[in-house]
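Participant: Need a 3D model of the sequence below.
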Amino acid sequence: MATPLVSPAPVPDERFETIPNMVRRRAAERPDLPALHDGDRVVSWGALGHWMERIAARLRVEGLATGDTVASVADTMAEHVAVYLGTLAAGGCMAPLPGSAGADALHRMIADSGARFLFASERLRYAVDAIRDQLPAGRFIGLDFAADGWPSLDAWLGDAAEDAAPVSVGPDDLFDIIYSSGTTGTPKGIVHDHCFRSRQVARMANYELNADAVNLASTPLYSNTTLVSVLPTLALGGTLVLMRKFDARGFLELAERYRVTHAMLVPVQYQRILAVDDFDRFDLSAFRVKLCTSAPLRAAVTREVLDRWPGRLFNVYGMTEGGVSTVLDAAAFPDKLDSVGRPAAGADVRIIDEQGRALPHGEVGEIVGRSTIMMCGYHNAEAPTRDVLWQAPDGAVFIRTGDLGRFDKDGFLHLLDRRKDMIISGGFNVYASDLEQVLLGHPDVVDAAVIAVPSDAWGETPLGLVVPRPDRTLDEAEVLAWVNARLGRMQRLSAVEVRESLPRSAIGKVLKRELRAPYWNGR
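Facilitator: Below is the predicted model of the structure:
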């Protein structure tokens, strides 16, 4: 990684402390209290602190230097959390990777990261085994298993000391590399330093995330969505409840059992949880704060959460790259539920046109952001890093989101589409999100996506893909007529197709590239 091209906004009177040091303090202050619940296992703060130190000591003994990368392909489990912390305590940089990635993409991510150690869980080891003969020599360790060429974590640790001297780590040292989602090619490695994550801890403390918090983590650790709440929970001394694989009823059972106070969820999770037939019988009264990110939460779903689920709800808009950051306190602004709120403290969010000129409120353009929390850049990729930056006339550097949006007269940000997903039909801009909101208003539609498909007459035209509610049957012609009667003349769908489900990423984003591919292949 070359000298960072991205410089975050300063924080006055900032006091820097690494997350491993915060964990050390928590372990000393509350050694017998629970840090992690993983299934029926309870890991105390004292045990977690010792685990972190032993992993760090073993990594250093085996040659890990400050800034070296450790990769993982693993479930959301106690061992994975311990390895994450141990890597940081050793001065290393963590690269959690998705086991769901294709073999070629996973191989490229491992190679790009330069990882010298790779940890895997038994359920996901197949992804590494499939490409292992193509990987450079290194150490491969099984978190919850042992096999040929895979010593178990316990065997690898051996008699590693718990009291090795802490490694000096500064704010500019690398913390982790989070690879962006993608179905083809090599996802970009988004590099964060310790300053980025330390500032994130301070920001999350504003959501009542403290030593009394119980946070239920139900999305994968390779996702920044998960890390945004998991790492501050550990740093601030709360308790983590780990869910290896999300299911809606299981979430409710864990929330009731452990008196969960916090959760960071994505929109599709809220929808599935609320759809549990006996949702209202679960005791969720301990909830203080729920957060939603990765995509806008539909206004109708937000209202249902506010009506049926105790605790405050915040819709957060941001990027793994940092920069842009807006927050909507849903209960405080019930008339703004179709927005993603106002810029967070320390964030400067603007709208620019295709020529890079700033636009006034009300105008639609690309969203760019600058804040106290910004990535160092893309790993081994200076050109893509430069391409994602926008420089304001005053010289301040912003990160481009690729999202289209506008500010309303009250300063609330409204998202429209990904720039690449905007449909240009007959020279007119059509925003898929507008059409999707109408489709989701149909009484028998539970999920919907709108994509561009080729058109001889218009160049491209919008196609609606819909999923029926359980035990309902959709007539495509009827839905098409219903929707088009509610749309402007230049917005109308060319057709509607019924699907059993829509492909989604691990954090719930609809994979529109997969939906579009069959219509555009060969053109």
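
Participant: how much space between the residue nearest in space to the middle of the chain and residue 291?
Facilitator: For the chain, the residue nearest the mean C-alpha position is residue 225 (2.7 Å; CA atoms, centre = their mean). Going from residue 225 to residue 291 by CB to CB, to the nearest Å gives 9 Å. C-beta: built from backbone N, CA, C; applies to glycine.

Participant: cool, residue 336 as well?
Facilitator: Distance of residue 336 to residue 291, computed by CB to CB: 17 Å.

Participant: Repeat that for residue 309.
Facilitator: In this view, residue 309 and residue 291 are 13 Å apart by CB to CB.

Participant: And residue 308, by the same measure?
Facilitator: Spatial separation of residue 308 from residue 291 under the definition CB to CB is 17 Å.

Participant: Looking at these two, which has the bigger crowd around it?
Facilitator: Here residue 308 and residue 291 are compared on neighbour count by other CB atoms under 10 Å; more neighbours surround residue 291, at 21 against 12.

Participant: What's opposite the more buried one in the beta bridge?
Facilitator: With beta bridges defined as DSSP bridges, residue 291 has these partners: residue 264, residue 314.

Participant: need the contact list for it.
Facilitator: Each residue near residue 291 by CB atoms under 8 Å, 6 or more residues apart in numbering is listed here: 207, 229, 262, 263, 264, 265, 313, 314, 315, 316.

Participant: Then residue 358?
Facilitator: Residues touching residue 358, when contacts are defined by CB under 8 Å, 6+ apart, comprise 350, 351, 352, 392.

Participant: ok, now residue 152?
Facilitator: Taking CB under 8 Å, 6+ apart as the criterion, residue 152 is in contact with 141, 142, 144, 145, 146.

Participant: show me where the stretch 351-500 of the chain has strands.
Facilitator: Shown for the stretch 351-500 of the chain, the strands assigned by DSSP state E, counting those that start in this stretch span residues 365-370, 377-378, 389-391, 397-407, 413-418, 423-425, 428-430, 445-455, 459-468, 495-498.

Participant: Report all helices and strands that the first one contacts.
Facilitator: Using 3 or more CB pairs under 8 Å, 6 or more residues apart in numbering; DSSP states H and E as the contact definition, the elements that strand 365-370 packs against are strand 348-352, strand 397-407.

Participant: which of the residues in stretch 155-167 are buried?
Facilitator: Neighbour counts over stretch 155-167 (16 or more other CB atoms under 10 Å) mark 156, 157, 160, 164, 167 as buried.

Participant: Format those residues as CSV; extra columns: distance to residue 473.
Facilitator: Putting these into CSV (distance: CB to CB, whole Å) gives the following:
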residue, distance to residue 473
156, 55
157, 57
160, 61
164, 64
167, 62
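
Participant: Let me know the closest of these to residue 150.
Facilitator: Checking the buried residues of stretch 155-167 against residue 150 by CB to CB gives residue 156 as the nearest, at 9.5 Å.

Participant: close enough to count as contact, that closest one and residue 143?
Facilitator: No. Between residue 156 and residue 143 there is no contact, the gap being 10.0 Å when judged by CB atoms under 8 Å.

Participant: With distance to residue 453, pLDDT and secondary structure as extra columns, can I get the buried residues of stretch 155-167 in CSV?
Facilitator: What follows is those, written out as CSV (distance: CB to CB, whole Å; pLDDT from 0 to 100; DSSP: H, G, I helix; E, B strand; the rest coil):
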residue, distance to residue 453, pLDDT, secondary structure
156, 52, 96, helix
157, 54, 95, helix
160, 57, 76, coil
164, 59, 64, coil
167, 54, 86, coil
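
Participant: What is the nearest of those residues to residue 66?
Facilitator: Proximity of those to residue 66 was ranked by CB to CB; the top entry is residue 167 with 6.5 Å.

Participant: measure that closest one to residue 196 for me?
Facilitator: With distances defined as CB to CB, the gap from residue 167 to residue 196 amounts to 19 Å.

Participant: which residues touch the longest helix that the chain contains?
Facilitator: The helix spanning the most residues in the chain, taking DSSP state H as the definition, is helix 45-61. Residues outside helix 45-61 that contact it (CB under 8 Å, 6+ apart) are 20, 23-24, 26-36, 43, 70, 81-83, 85-87, 89-92, 117, 156-158, 160-164, 167, 237.

Participant: pull the helix or strand with minimum mean pLDDT from the protein.
Facilitator: Using mean pLDDT, DSSP states H and E, strand 428-430 stands out as the lowest-scoring helix or strand of the chain, at a mean of 79.

Participant: The stretch 101-250 of the chain: helices as residue ranges?
Facilitator: Read by DSSP state H, counting those that start in this stretch, the stretch 101-250 of the chain holds these helices, from start to end of the chain: 103-113, 125-129, 153-157, 194-204, 224-235, 248-257.

Participant: Need these in a markdown table (columns: distance to residue 328).
Facilitator: Conversion of those to a markdown table gives the following (distance: least, CB to CB, whole Å):
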| stretch | distance to residue 328 |
| --- | --- |
| helix 103-113 | 33 |
| helix 125-129 | 37 |
| helix 153-157 | 41 |
| helix 194-204 | 15 |
| helix 224-235 | 16 |
| helix 248-257 | 23 |
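
Participant: And those helices: which comes nearest residue 421?
Facilitator: With CB to CB as the measure, helix 224-235 is the member of the helices of the stretch 101-250 of the chain nearest residue 421 (19.9 Å).

Participant: From the chain's centroid, how far away is the closest one?
Facilitator: Shown here is helix 224-235, whose average C-alpha point lies 10 Å from the average C-alpha point of the whole chain (CA atoms, centre = their mean, to the nearest Å).

Participant: can you check stretch 96-105 too?
Facilitator: Mean-position distance between stretch 96-105 and its chain equals 16 Å (CA atoms, centre = their mean).

Participant: Quick check: end-to-end length of it?
Facilitator: 14 Å (CA to CA, to the nearest Å).

Participant: Residue numbering should commence at 27 henceforth.
Facilitator: Got it, first residue is 27 now, which makes that one stretch 122-131.

Participant: Kindly provide the whole-number mean pLDDT of it.
Facilitator: Average pLDDT, stretch 122-131: 86.

Participant: Okay, buried residues for it please.
Facilitator: Within stretch 122-131, the residues that qualify as buried are 122, 123, 124, 125, 127, 131, counting by 16+ other CB under 10 Å.

Participant: likewise stretch 282-297?
Facilitator: Taking 16+ other CB under 10 Å as the neighbour-count basis, stretch 282-297 is seen to contain the buried residues 284, 286-297.

Participant: try stretch 100-113
Facilitator: For stretch 100-113, the buried set under the neighbour-count rule, 16+ other CB under 10 Å, comprises 100-113.

Participant: which one in the chain is furthest away from the centre?
Facilitator: Computed with CA atoms, centre = their mean, the maximum C-alpha offset from the centroid of the chain is found at residue 483, amounting to 39.0 Å.

Participant: where's that residue relative to residue 451, distance?
Facilitator: As judged by CB to CB, residue 483 and residue 451 stand 9 Å apart.

Participant: What of residue 236?
Facilitator: Residue 236 is 51 Å from residue 451, by CB to CB.

Participant: The two: who's more crowded?
Facilitator: When neighbours are counted by other CB under 10 Å, residue 451 comes out ahead of the other of residue 236 and residue 451, with 19 against 16.

Participant: ok, residue 154 touching residue 144?
Facilitator: Yes. In this structure residue 154 lies within contact range of residue 144 using CB under 8 Å: 6.5 Å.
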